[in-house]
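*Asks:* Mind folding the following:
(one chain, ligands or ions: 2)
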Amino acid sequence: REVKEAVNKWFHVLKSYLDPYMRYEIPEFENSSCNELYKTVHLHLNATDMCKVANRVILTRIHNSSRTCSNLAGGESVEDTFEGKKLWWRHSVHKVQGESVRGRGSQEVQERVYTLKIHKRDRDCIIPLYIDHINARAVGYKHQNREMKLYTNSKTSSMYSGGRHMWQSVPFKHPSTFDTLAMEPDSIARIKGDLKSFMEGKDFFERVGRAWKRGYLLYGPPGTGKSSMIAAMANFLKYDVYDLELTQVFSNTELRQLLIQTTNRSIIVIEDIDCSINLSGQRSPKARSRRGKDGDKDPLGSDELEKLKEDETSRITLSGLLNFTDGLWSCCGDERILVFTTNHIEKLDAALLRPGRMDMHIHMSYCTFPAFKILAHNYLMIETHPLFPTVERLLDEGKRKVTPAQVSEILILDKDDPDLVMEKLIAFLQQPEEKLPENSAADESRNSQKKKKKKRKKKEKKRKGKKRGLSCTCEISHKFF
Ligand SMILES: Nc1ncnc2c1ncn2[C@@H]1O[C@H](COP(=O)(O)OP(=O)(O)OP(=O)(O)O)[C@@H](O)[C@H]1O
Ligand SMILES: [Mg+2]
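*Replies:* Numbering: from 1, shown residues only. Ligands and ions are numbered 1, 2, ... in the order given. I've put the predicted structure just below:
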């Protein structure tokens, strides 16, 4: 028996000496905890579509997901190449006796292991670089394929949140992309380029000592595609979207709390910023008169002073918003994009617009001919039409300013009959603005803006009523900063 064991031992030594290949084993679990490298290999094989060349592939889809994942079935192998060298991945699945999940006893469990085979001569020069390479592929693939979320802030009564302001999410499934956005192609290329260099700019931001964030201000009349642009940005970057409802945030502290709760690789959006907070930069006459003439010395009694202090800290102020966008707390995450939208850029405080806060100002304008051509391509599936020159002339003359929203409404109505659509559009463009029917798209957008403002004012009044005696204003003097 001893002789047999010795022969076996020497046989294995000789075999491994003669075997030109080295094998690395990557089990799914190691000491009962998940092996991240196993997941990395799985994602790498999916990212490179290598599974497709195998004879047997396992397809899976998790609950509520629209994505299908593939994995090599047990015993299947695939070949990979890296820097001109060949490597092989094999997936083994074995049934072993494992500890039962429900207490004592044992049950049959599957043990999955990836084995990487590589030539011994390539081992030292390739392995560290190859592992880095598959890691990067896996991270990129995971990022590209994860499902995006749309968050909104609301005060929850949940016992877990303790009534704090929390984000609530739904799956983000907006279909707008840079291909469906009607805008000058040059502007689209510029924005896409900016976003791409931001996304790839980790080293740059670190080198120059800047927080890895970027602010975009989208301004223009209603219906020019500001919200659609945000969705296109999110779909392009594959970032989650945090739609911050500023009217639901009642203090700078809450604003900071919400900021801390956002994740990296996300877009924080504040729509209609001019309607959300009073940004006129003036402290209210009431607060000013209460503060007294000599500023710091306050003539008020201590009770009054306490109340006033509470007023000032219980509201979100321009200062709070400025800190939110470019203060120390704004750097608490990486790869963050901030987007503000407004119909009235002139109402915004200059401090809010400066580079570092709003790095890029994007004007979403009325429909131009190149933008119209994109809409015609998307809605009517036509690249040209005998009436295109007339539309081009009318849009260039600008006698009647139309938004992409108005044009798309016309295109969608008779999308199966391009001739009819073109005639209707020309009639619309020739119609003087005053003779618009009451419920035209432009009026509707204007009315909706008014409604938005009214609703906000109503909410504000209600809140003031609740906090009787503590009310103050969001208007802040520039001196404050
Ligand atoms: N530039 C555009 N490209 C493609 N579609 C557009 C564009 N602008 C507007 N639309 C269409 O009009 C609708 C309204 O657009 P959107 O909500 O993006 O406008 P907005 O600028 O955000 O308006 P508001 O200022 O009222 O919020 C969208 O559903 C979209 O179909
Ligand atoms: Mg909008």
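
*Asks:* Check which element follows the helix or strand harbouring residue 392 along the chain.
*Replies:* Per DSSP states H and E, residue 392 falls inside helix 388-397. With elements assigned by DSSP H and E, the helix or strand that comes after helix 388-397 is helix 404-413.

*Asks:* Help me see whether that following helix makes contact with ligand 2, please.
*Replies:* No: interface with ligand 2: helix 404-413 contributes nothing (CB under 5 Å from the ion), its closest point being 9.6 Å away. Yep, even glycine has a C-beta here, placed from its N, CA and C like the rest.

*Asks:* what helices or strands is that helix leaning on?
*Replies:* Packing contacts for helix 404-413, counted by 3 or more CB pairs under 8 Å, 6 or more residues apart in numbering; DSSP states H and E, involve helix 369-380, helix 418-430, helix 441-466.

*Asks:* Three-state assignment for residue 182, please.
*Replies:* coil (DSSP: H, G, I helix; E, B strand; the rest coil).

*Asks:* what residues are up against it?
*Replies:* By CB atoms under 8 Å, 6 or more residues apart in numbering, the contact list for residue 182 reads 225, 367, 371-372, 374-375, 378, 404, 407-408.

*Asks:* so how far is residue 389 from the residue lying closest to it once chain neighbours are set aside?
*Replies:* Spatial nearest neighbour of residue 182, chain neighbours left out: residue 371 (3.9 Å); criterion: CB to CB, 6 or more residues apart in numbering. Using CB to CB, to the nearest Å, residue 371 is found at 16 Å from residue 389.

*Asks:* Just the local confidence number for the residue in the stretch 51-200 of the chain positioned nearest to ligand 1, please.
*Replies:* Of all residues in the stretch 51-200 of the chain, residue 182 sits closest to ligand 1, at 3.5 Å by CB to the nearest ligand atom. Note for residue 182: predicted pLDDT of 95.

*Asks:* What of residue 179?
*Replies:* 95.

*Asks:* again with residue 464
*Replies:* So residue 464 comes in at 46 (pLDDT).

*Asks:* How many residues are close by whichever residue of the stretch 101-250 of the chain sits closest to ligand 1?
*Replies:* Closest residue of the stretch 101-250 of the chain to ligand 1, CB to the nearest ligand atom: residue 225 (2.7 Å). By other CB atoms under 10 Å, the residues close to residue 225 number 24.

*Asks:* before we move on, what about residue 255?
*Replies:* 21.

*Asks:* got the contact list for it?
*Replies:* By CB under 8 Å, 6+ apart, the residues touching residue 255 are 249, 316, 320-321, 324.

*Asks:* Now name the helix or strand holding it.
*Replies:* Secondary structure (DSSP H and E) places residue 255 in helix 252-261.

*Asks:* Same list (the contacts of residue 255) but as a markdown table, adding distance to ligand 1 and neighbour count.
*Replies:* Converted to a markdown table, the contacts of residue 255 look like this (distance: CB to the nearest ligand atom, whole Å; neighbours: other CB atoms under 10 Å):
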| residue | distance to ligand 1 | neighbour count |
| --- | --- | --- |
| 249 | 20 | 25 |
| 316 | 21 | 21 |
| 320 | 24 | 22 |
| 321 | 20 | 27 |
| 324 | 21 | 23 |
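
*Asks:* any idea how far the closest residue to residue 58 other than its chain neighbours is from residue 33?
*Replies:* Once flanking residues are discounted, residue 58 sits nearest to residue 71: 4.6 Å by CB to CB, 6+ apart. Counting by CB to CB, the separation of residue 71 from residue 33 is 20 Å.

*Asks:* returning to that earlier point: my guess is the residue of the stretch 101-250 of the chain closest to ligand 1 meets residue 364, correct?
*Replies:* Yes: taking CB atoms under 8 Å as the definition, residue 225 is a contact partner of residue 364 at 5.4 Å.

*Asks:* Break this protein into its domains for me.
*Replies:* Using automatic domain parsing, the domain ranges for the chain come out as 17-99+106-145, 173-298+310-365, 369-435.

*Asks:* and the stretch 351-481 of the chain, which residues reach ligand 1?
*Replies:* Counting by CB under 6 Å from any ligand atom, the residues of the stretch 351-481 of the chain close to ligand 1 are 364, 404-405, 408, 445.

*Asks:* Closest approach to ligand 2 from the stretch 201-350 of the chain, which residue is it?
*Replies:* Using CB to the ion, the single residue of the stretch 201-350 of the chain nearest to ligand 2 is residue 227, 3.3 Å away.

*Asks:* what about that residue, helix or strand, and which?
*Replies:* helix 226-237.

*Asks:* Just the C-alphas of that helix, formatted as CSV.
*Replies:* Provided in CSV are the C-alpha atoms of helix 226-237 (Å, rounded to 0.1, in the frame of the first residue of the first chain):
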residue,chain,number,x,y,z
LYS,A,226,-35.8,70.5,-20.5
SER,A,227,-37.2,67.5,-18.7
SER,A,228,-36.7,65.3,-21.7
MET,A,229,-33.0,66.4,-21.7
ILE,A,230,-32.6,65.3,-18.1
ALA,A,231,-34.1,61.9,-19.0
ALA,A,232,-31.7,61.7,-22.0
MET,A,233,-28.8,62.6,-19.8
ALA,A,234,-29.7,59.9,-17.3
ASN,A,235,-30.2,57.3,-20.0
PHE,A,236,-26.8,58.2,-21.6
LEU,A,237,-24.9,58.1,-18.3
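
*Asks:* Show me what the helix or strand just after that helix packs onto, helices and strands only.
*Replies:* Per DSSP H and E, the first helix or strand lying C-terminal to helix 226-237 is strand 240-243. With contacts defined as 3+ CB pairs under 8 Å, 6+ apart, the packing partners of strand 240-243 are strand 149-155, helix 226-237, strand 266-270.

*Asks:* Pull up the pairing partners for strand 240-243, direction included.
*Replies:* In the sheet, strand 240-243 lines up against strand 149-155 (parallel), strand 266-270 (parallel) (DSSP bridges).

*Asks:* Comparing the ones you listed by mean pLDDT, which bottoms out?
*Replies:* strand 149-155 (a mean of 83).

*Asks:* Run through who's touching that one.
*Replies:* Contacts of strand 149-155 (CB under 8 Å, 6+ apart): 163-172, 174, 240-245, 248-249, 258, 262.

*Asks:* just the buried members of those?
*Replies:* Among those, those that count as buried by neighbour count (16 or more other CB atoms under 10 Å) are 165-167, 172, 240-244, 248-249, 258, 262.

*Asks:* which of those residues sit farthest apart?
*Replies:* 172 and 249 (21.3 Å; CB to CB).

*Asks:* what comes up buried for the helix holding residue 255?
*Replies:* So for helix 252-261, counting by 16+ other CB under 10 Å, buried means 252, 254-259.

*Asks:* Low-confidence bits of the stretch 301-450 of the chain, can you list those?
*Replies:* By pLDDT under 70, the weakly predicted segments of the stretch 301-450 of the chain are 301-315, 330-331, 434-450.
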